[in-house]
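[1] The amino acid sequence is not available; the structure is as follows:
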Ligand code: S3P
């Protein structure tokens, strides 16, 4: 286990850096490569462990892949029906996207499979994905959650597909806005006899729809309604090549760091700016932050841009309603922004955060207080009293094995009054393996120590 020791910034953060390929897009690209016919190429910068879990799952089912020197993955898809029965449980690690998206594919197979994960994933709710898949004839069971009525958690036992050996059509109103659940339903629709209609309460990230559409699958979207026209689908996905845009969720840590460290100017190159993901960017601007967006074309229907962030005087903001879904993974780092903004920032309608990699409402309340920031924890969010004009109190923070908590604590450490220690920071590799190197390239002083205290 490693700790990070973050020193207060004595100079501005300056420079131009890339971020890893978008984790959500890369999951979809890897999975769909495995289901396509022929060799696909996925170039995604330094992919994190979550994406590697999806790749590992495909390998466990007989899909071969190699990595070029450039870092590009070459994945040899064997078509929609080319997966082989795994010989042991498939380990999805920490990755909710891996387990939920795979469920949609595995439920349609004639073999049985078991999906497992680490301690955090093993606590996360899975009935939301199992229910619609059962409704179209799939078999999927989990461990009954003793604390939440009607809820299941991993391990998931999936398949084999019962008679008549094909999934049926589905019309489903999703009770929770979740791109993972929506994607599992759409992926199962590739195997179904009949069409798939999904309606979400709020539009969530639409990477699956965009990628399927780019691959010629008849998917259409009207606001929060999505249709996959099963009878019009050819039954085959073509192999493809994608250069995955940078992950805006990773870029947000750098955007906020640039806002709060005085006189900083940071550019993040080639970032995916799909509007279902840009909630934090909008909030930064609402709160008085300087953030420029320079369009750089698109990649498999995903818009790409360079982002230019600069230190700013910030005022409190408000996150609630529809914007929460577009900011869902950025709430920890939004809390860091709020800690440096004048006034009280309110975060509401965000109860979903309690079932992420950690309970991010409770964890962030603890982190903020450790840094001496006043905040109130509420059932569906937080109220944060910003303190822009004095250094925060240096702190020792437990990551709780949540990558986004660890990175948020490291960013807050840049404006503290002494060295901050982030314990168990290995989890950062889940999404941003080169986080420390990237921060150092911008001028931050961060040291990596093993937990025993050595260098
Ligand atoms: C993701 C969807 C979101 C998000 C997660 C990635 C995806 O989860 O929090 O980090 O790639 O589809 P939910 O679907 O649970 O909201």
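    Received, thanks. For clarity, every value in this text was computed on a predicted model and none was experimentally measured. Numbering: from 1, shown residues only.

[2] just the helices in the stretch 301-450 of the chain please.
    Secondary structure of the stretch 301-450 of the chain (DSSP state H, counting those that start in this stretch): helices at 331-339, 360-370, 403-413, 435-441.

[3] Now those helices in TSV, please, with extra columns for distance to residue 53.
    In short, each C-beta sits where N, CA and C put it, glycine included. Formatted as TSV, the helices of the stretch 301-450 of the chain follow (distance: least, Cβ to Cβ, whole Å):
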stretch	distance to residue 53
helix 331-339	21
helix 360-370	20
helix 403-413	13
helix 435-441	19
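
[4] SS state for residue 211?
    helix (DSSP: H, G, I helix; E, B strand; the rest coil).

[5] What residues does it make contact with?
    Contacts were defined as Cβ atoms under 8 Å, 6 or more residues apart in numbering; by that measure residue 211 touches 25, 28, 29, 32, 300, 301.

[6] Over to residue 175?
    Residue 175 makes contacts with 128, 201, as judged by Cβ under 8 Å, 6+ apart.

[7] Next one: it relative to the ligand, how far apart?
    13 Å (Cβ to the nearest ligand atom, to the nearest Å).

[8] one step back: with mean pLDDT, distance to the ligand and mean neighbour count added, can I get the helices of the stretch 301-450 of the chain in a markdown table?
    Listed next are those as a markdown table, based on pLDDT from 0 to 100; distance: least, Cβ to the nearest ligand atom, whole Å; neighbours: other Cβ atoms under 10 Å:
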| stretch | mean pLDDT | distance to the ligand | mean neighbour count |
| --- | --- | --- | --- |
| helix 331-339 | 98 | 10 | 28 |
| helix 360-370 | 98 | 10 | 22 |
| helix 403-413 | 98 | 9 | 28 |
| helix 435-441 | 98 | 16 | 18 |
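
[9] pLDDT score assigned to residue 1?
    Reported pLDDT at residue 1 in the predicted model: 87.

[10] pretty sure it contacts residue 450?
    Yes - Residue 1 lies in contact with residue 450 (Cβ atoms under 8 Å); the separation is 7.1 Å.

[11] hmm, back to that, of the contacts of residue 211, which count as buried by neighbour count?
    Burial by neighbour count, 16 or more other Cβ atoms under 10 Å: within these this picks out 25, 28, 29, 32, 300.

[12] Could you report the neighbour count for the nearest residue to residue 225 once chain neighbours are set aside?
    Spatial nearest neighbour of residue 225, chain neighbours left out: residue 199 (5.1 Å); criterion: Cβ to Cβ, 6 or more residues apart in numbering. As a burial measure, residue 199 scores 15 neighbours (other Cβ atoms under 10 Å).

[13] For the buried ones among the contacts of residue 211, could you give me CSV that also reports distance to residue 159, secondary structure and pLDDT?
    Listed next are those as CSV, based on distance: Cβ to Cβ, whole Å; DSSP: H, G, I helix; E, B strand; the rest coil; pLDDT from 0 to 100:
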residue, distance to residue 159, secondary structure, pLDDT
25, 27, helix, 98
28, 22, helix, 98
29, 24, helix, 98
32, 20, helix, 98
300, 30, coil, 95
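
[14] Let me know the closest of those to residue 270.
    Of all these, residue 25 has the smallest distance to residue 270: 12.3 Å, by Cβ to Cβ.

[15] Next up, the contacts around the closest one.
    Listed by Cβ under 8 Å, 6+ apart, the contact set of residue 25 reads 207, 211, 242, 244, 245, 272, 302.

[16] what's the neighbour count on residue 427?
    So residue 427, with other Cβ under 10 Å, has 25 neighbours.

[17] cool, residue 316 as well?
    Residues lying near residue 316 (other Cβ under 10 Å) number 20.

[18] I figured it hits residue 347, correct?
    No - applying Cβ under 8 Å, one finds residue 316 not in contact with residue 347, separated by 10.9 Å.

[19] shared neighbours of the two, anything?
    Joint contacts of residue 316 and residue 347 (Cβ under 8 Å, 6+ apart) are 338, 384.

[20] Need the three-state assignment for residue 155.
    Following three-state DSSP, the label given to residue 155 is strand.
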